[in-house]
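K.L.:
what follows is a predicted protein model with its sequence.
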Amino acid sequence: QVQLEESGGGLVQAGGSLRLSCRASGHPFNVYEMGWFRQLPGKEREFVAAIDWSASNTYYAHSVRGRFTISVDNAEKTVYLQMNSLKPEDTAVYYCAGDRRQRAVLQILPTSYYYWGQGTQVTVSS
């Protein structure tokens, strides 16, 4: 069973930066790609970014493209989300997720991911 643990959330002013981390552990480690999602109360979970473990493929939601960067550290089994130029509308609980199926393209639907972290709050003040 795979466990995912996020860290790095917090309160930041608009224009500031935060880096989220998601450490994966467990055996067997059957995770082929990782994604970041975010969610506001009463709203659906929204795709933010995805990456495969080789880091050869990444994909971003239009709303964060050019401001956020997803990366991996294979040795540490950790995925990062560097968030720059943060806006108040980026405020949400951020979740990392792992896909246990090897696919031809990165996935943007929450239902494609099997493993989920507990979430970390990001609040951007104006």
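P.N.:
Nice, I can see it.
K.L.:
what about stretch 111-119, how long is it end to end?
P.N.:
16 Å (Cα to Cα, to the nearest Å).
K.L.:
in it, what counts as buried?
P.N.:
In terms of neighbour count (16 or more other Cβ atoms under 10 Å), stretch 111-119 has its buried residues at 112-113, 115-117, 119. From N, CA and C alone the C-beta is placed, and that goes for glycine too.
K.L.:
same check, this time on stretch 41-57
P.N.:
Result for stretch 41-57 [16+ other Cβ under 10 Å]: buried residues 45-53.
K.L.:
swap in stretch 75-86?
P.N.:
Neighbour count says stretch 75-86 has 77-81, 83, 86 buried, by 16+ other Cβ under 10 Å.
K.L.:
now, those that are in strands?
P.N.:
Counted as lying in strands by DSSP state E, out of the buried residues of stretch 75-86, are 78-81, 83.
K.L.:
is it possible to get JSON lines of those residues that adds pLDDT and distance to Gln107?
P.N.:
As requested, these are arranged in JSON lines below (pLDDT from 0 to 100; distance: Cβ to Cβ, whole Å):
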{"residue": "Thr78", "pLDDT": "96", "distance to Gln107": "20"}
{"residue": "Val79", "pLDDT": "97", "distance to Gln107": "14"}
{"residue": "Tyr80", "pLDDT": "97", "distance to Gln107": "19"}
{"residue": "Leu81", "pLDDT": "98", "distance to Gln107": "16"}
{"residue": "Met83", "pLDDT": "98", "distance to Gln107": "21"}
